[in-house]
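Enquirer: Sequence plus predicted model, see below.
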4 protein chains.
Amino acid sequence: MDNRSGSRSERRASMMRQQIIQAAAPLFAQKGFHKTTTKDIALAADVSEGSLYNYFKNKEDILLGIIEDVAQEEVEKMRLVESLSEAPSDYLFSRFMHQQEKVARLNPMILAIISELVSNPNVRRRYKSLFLSPIMELLADHLQARIDLGQIQNYPPKYLSRILISLTVGIYFFQMLEDDIVIKEWEEFSRTTVDVLFEGLKAEP
Amino acid sequence: MDNRSGSRSERRASMMRQQIIQAAAPLFAQKGFHKTTTKDIALAADVSEGSLYNYFKNKEDILLGIIEDVAQEEVEKMRLVESLSEAPSDYLFSRFMHQQEKVARLNPMILAIISELVSNPNVRRRYKSLFLSPIMELLADHLQARIDLGQIQNYPPKYLSRILISLTVGIYFFQMLEDDIVIKEWEEFSRTTVDVLFEGLKAEP
Amino acid sequence: MDNRSGSRSERRASMMRQQIIQAAAPLFAQKGFHKTTTKDIALAADVSEGSLYNYFKNKEDILLGIIEDVAQEEVEKMRLVESLSEAPSDYLFSRFMHQQEKVARLNPMILAIISELVSNPNVRRRYKSLFLSPIMELLADHLQARIDLGQIQNYPPKYLSRILISLTVGIYFFQMLEDDIVIKEWEEFSRTTVDVLFEGLKAEP
Amino acid sequence: MDNRSGSRSERRASMMRQQIIQAAAPLFAQKGFHKTTTKDIALAADVSEGSLYNYFKNKEDILLGIIEDVAQEEVEKMRLVESLSEAPSDYLFSRFMHQQEKVARLNPMILAIISELVSNPNVRRRYKSLFLSPIMELLADHLQARIDLGQIQNYPPKYLSRILISLTVGIYFFQMLEDDIVIKEWEEFSRTTVDVLFEGLKAEP
DNA sequence: AATGAATGAGGTTTCATTCAT
DNA sequence: TATGAATGAAACCTCATTCAT
């Protein structure tokens, strides 16, 4: 991960891990974890199949490595969004939505991870601890701050954050299914979502 | 599917398909499609491995068969919810949420399907045409009716239905991850979600 | 085989055997014995797979049945050729060649049989006793008669018959390989063969 | 094939292919292609079943590899026979016959190939292009030379070569059928064949 | 006598992982 | 440390044959 610290050999090893991860991620994203062979990965990473096992315990371990990477990256991005803390809340939600849409579009790896969550407890554990929990915590903190500022109503942040994550997962879901509405009419869909979130569905009296 | 019509042998065949599907579904749900072997399925269905292939073209075809079944079942349930058309809208959304939660709890098969969506175009096609599209259509029709009655605001139903589906997928997602909040505090989470949907997040002026 | 004798049920059985054989032969000819499934045969014969086993011990037995049939038929034809015993010898050889070419063209079953000879001793035995030996005997007798008449030279008929059979097998061989020369220039090829047989290759002094 | 050139690993790979081919050929020859299992081959070649697939795409590819090998070998031998170009023609035909008889006796693989020709177009193509066509070309060239020298009559070589090939195929055929005459009285049979070829059957006037 | 569903042995092939070089 | 050939377990699937109806 961090390839600036440690001895030279440690740095080298870290770079190799990166090289493998960078090669494996798009493969997993395209073909799924199970349909990607170690040979595919070795070829794409330009190393031998045997070498994979010098840097990762096994194929699953590569996926876990990817999760770590993606998690770090995404949590970082989330932190940046959060830093816009003076902006009005609706602008912020809009930012959040667009951020997630971009992720779904550019980082299909996340889908491959989600797809493995179902049947793989290790992946589940790792995903929760490195990815979901940190992000939900950031979200909840942020929402609490907004509540404290009186910008949004006083709902328990732990529920609100889960609602937001659900909307995010929904974006991934529709992207994966190549849903024309969510993809081609993204701007309107996104705006509607933010509006509903802020104004509610209830008809004005 | 329909095992009351057709000749005796057709009925028998239909029952065998059911028997196999009933056996395969929980396996796929627990272990995922790829980690479930045809041997597992045959054992669970109490037939020989060879017999599987008298009723299904191949392993994937069993999954497609399951999708058909689950889809029919769920679309049916959705129709029932919809029939409560005189109830106030918020009650209805509440019903919808609870319905979905029950599904997520009792029908983990859906997750296994979703997990295969990522890497399997056939599954994707079948899921969209038999499951997602019909349900979204029902939802959209229903929402339009509510809009016409002046019960909810005039947002495009095609976007609203996708927001609701996202919330549903979110439920599956958190169920799968064994998220303590969504599972153990389901009542409160559900109520909050419906409230947010109806009233919006925006602080009262 | 003989469906005019025996009790009614025996006649029926004999007809069923014929029906199956008639259906199986072209399949074996096209796809080969191993790539033809009993299901294929049952379908083509318009009987159930199970019924095949009421008339034949197993799949191999169907092939053996076909051999019997084809053998009978071909030996019969050979007898007819032989009956033209007053004709000049070269005309007769020409007839023989054309007869064999027609067989090769219309009865590709023989190739399927030959192809199984290699690996199947039962087929080999049956083919020899019902097909090859009778035909070689007829040939040899005939050749002996010609020799006695002073029409052809006094070579041992047992060798001559084998030379003729070799030429026949060659025809099958080139037909199977879709050899343009033997197929499209059949007339010339055939004439040349007969000429060589009669006149010899040796340059005139 | 050529295991003296290329890098060390290429040489190694080439030797392994040879090892597998050497093991598979007699099996195919004895039991036929279809009744020989990959397990049989692996056992005989003293490698694991999996390893077969490091050197051959699939089982058929092993057969194709064998064809290549046998073809090369036989074409080479044919070239040697041809080089005896000063010998009298009848001696040469005699050599040709004996050469083919030896092949039939020692290289039963050819029969297994022929047996697959019937039902397998790939085998057919490969056999024609690598085996039959080159040999027939050599034969035809040689015969033309003899004609030019005035040693044999002026028949079209393309027909003569096919007659000779037919006689060859006949030898394989009778060897396979364990024909007592051709096998035990080979010398006489062979001499008779050459005599008939040269002198013709026609009774001297 | 006819059926065709059920069987299960066995076939080919794939692939994650190991290990000698 | 890097390699990639070798492995072998195990997966999916086919199909000749049987047998209850």
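Expert: Here it is on my side, so go on.

Enquirer: Go through the host helix or strand of A:E74 and flag the buried ones.
Expert: When elements are assigned from DSSP states H and E, A:E74 belongs to helix A:59-83. Across helix A:59-83, burial judged by 16 or more other C-beta atoms under 10 Å in any protein chain shown covers A:59, A:62-71, A:74-75, A:78, A:81-82. Every C-beta, even on glycine, is put in place using the N, C-alpha and C of the backbone.

Enquirer: What helices and strands are in contact with it?
Expert: helix A:8-31, helix A:38-45, helix A:89-106, helix A:109-117, helix A:121-127, helix A:133-148 (3 or more C-beta pairs under 8 Å, 6 or more residues apart in numbering or on different chains; DSSP states H and E).

Enquirer: hmm, the fifth one touching chain B?
Expert: Yes: contact of helix A:121-127 with chain B is found when judged by C-beta under 8 Å from any C-beta of the partner chain, involving A:R124, A:Y127.

Enquirer: can you give me the offset of that helix from its chain's centre?
Expert: 14 Å (C-alpha atoms, centre = their mean, to the nearest Å).

Enquirer: Please save the CA atoms from it in PDB.
Expert: Provided in PDB are the C-alpha atoms of helix A:121-127 (Å, rounded to 0.1, in the frame of the first residue of the first chain):
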ATOM      1  CA  PRO A 121     -17.600 -14.200   4.600                       C
ATOM      2  CA  ASN A 122     -14.000 -13.000   4.400                       C
ATOM      3  CA  VAL A 123     -14.800 -10.500   1.800                       C
ATOM      4  CA  ARG A 124     -17.800  -9.500   3.800                       C
ATOM      5  CA  ARG A 125     -15.800  -8.900   6.900                       C
ATOM      6  CA  ARG A 126     -13.100  -7.000   5.100                       C
ATOM      7  CA  TYR A 127     -15.600  -4.900   3.200                       C
END
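
Enquirer: Not counting sequence-adjacent ones, nearest residue to A:G200?
Expert: B:G200 (3.1 Å; C-beta to C-beta, 6 or more residues apart in numbering or on different chains).

Enquirer: measure the one you found to D:E178 for me?
Expert: Distance, B:G200 to D:E178, by C-beta to C-beta, to the nearest Å: 93 Å.

Enquirer: swap in A:S7?
Expert: In terms of C-beta to C-beta, A:S7 sits 75 Å off from D:E178.

Enquirer: Residues contacting stretch A:162-174, please?
Expert: A:93, A:96-97, A:100-101, A:104, A:110-111, A:114, A:132, A:135-136, A:139, A:181-183, A:193, B:114, B:162-163, B:165-167, B:169-171, B:173-174, B:179, B:181-182, B:189, B:192-193, B:196 (C-beta atoms under 8 Å, 6 or more residues apart in numbering or on different chains).

Enquirer: returning to what we had before: for B:I21, find the nearest of the helices and strands packed on helix A:59-83.
Expert: B:I21 sits nearest to helix A:109-117 of all these, at 21.7 Å, using C-beta to C-beta.

Enquirer: elements contacting the closest one?
Expert: Using 3+ C-beta pairs under 8 Å, 6+ apart: helix A:109-117 touches helix A:8-31, helix A:59-83, helix A:89-106, helix A:121-127, helix A:157-176, helix B:109-117.

Enquirer: The ones you listed: lowest mean pLDDT?
Expert: For the helices and strands packed on helix A:109-117, the weakest mean pLDDT is recorded on helix A:89-106, namely a mean of 86.

Enquirer: In three-state terms, label A:G150 for me.
Expert: Put simply, A:G150 is coil when judged by DSSP: H, G, I helix; E, B strand; the rest coil.
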